[in-house]
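Enquirer: sequence isn't available, so here's the structure alone:
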């Protein structure tokens, strides 16, 4: 099993309808190639983890890299893992802009207000894992 976590910035902020459409297409495509994961969106930035067979994840990553709706892709974590973190989610999603109650989540840390493309995540891959784990528990 292979896991890839990246951050990127939207060229322009996504509307709720655009996010819904992105999720519908992503979920359908991910199910077809047996890729699972989670997508976070905040202030026009994305953080996403993709997991599955290396070839499938790499193919999805290459498709994402050519998507004109975002830029500045930063790979935060790339590794082999013994099992999936998100086995039942073709793409779990949390819009952090729309969940101002995030401060009440168990395990809340002020870094939840850190932009998802902030260098802190690139320097400390455990911060990525911790952020994603908080939302995994609360979904």
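Expert: That came through fine. In this text the structure is predicted, and so the values were computed from the model without any measurement.
Enquirer: partners of whichever strand in the chain runs longest in the sheet?
Expert: When the chain is scanned for its longest strand (criterion: DSSP state E), the result is strand 70-80. Paired strands of strand 70-80, with direction, are strand 2-10 (antiparallel) (DSSP bridges).
Enquirer: helix or strand next in line after the partner strand, which one?
Expert: Moving toward the C-terminus from strand 2-10, the first helix or strand encountered (DSSP states H and E) is helix 16-32.
Enquirer: burial measure for residue 58, as a count.
Expert: 15 (other C-beta atoms under 10 Å). The way it works is simple: take the backbone N, C-alpha and C, and place the C-beta from them, glycine included.
Enquirer: make sure it is indeed in a helix.
Expert: Yes - Residue 58 sits within a helix when classified using DSSP: H, G, I helix; E, B strand; the rest coil.
Enquirer: from residue 50, how far off is it?
Expert: 9 Å (C-beta to C-beta, to the nearest Å).
Enquirer: now do residue 19
Expert: According to C-beta to C-beta, residue 19 and residue 50 sit 17 Å apart.
Enquirer: now do residue 35
Expert: 6 Å.
Enquirer: mind listing the shared neighbours of those two?
Expert: By the contact definition C-beta atoms under 8 Å, 6 or more residues apart in numbering, residue 35 and residue 50 are jointly contacted by 57, 60.
Enquirer: what comes up buried for stretch 71-84?
Expert: Buried positions in stretch 71-84, judged by neighbour count with 16 or more other C-beta atoms under 10 Å: 73-74, 76-77, 84.
Enquirer: my error: substitute stretch 12-29 in the last question.
Expert: Of all the residues in stretch 12-29, those buried under the rule 16+ other C-beta under 10 Å are 14, 19, 22-23, 26-27.
Enquirer: let's verify residue 37: helix, strand, or coil?
Expert: Secondary structure of residue 37, per three-state DSSP, is strand.
Enquirer: got the end-to-end distance for stretch 66-85?
Expert: Between the opening and closing residues of stretch 66-85 there is a gap of 26 Å (C-alpha to C-alpha, to the nearest Å).
Enquirer: check stretch 22-41 too.
Expert: Counting by C-alpha to C-alpha, the terminal residues of stretch 22-41 are separated by 12 Å.
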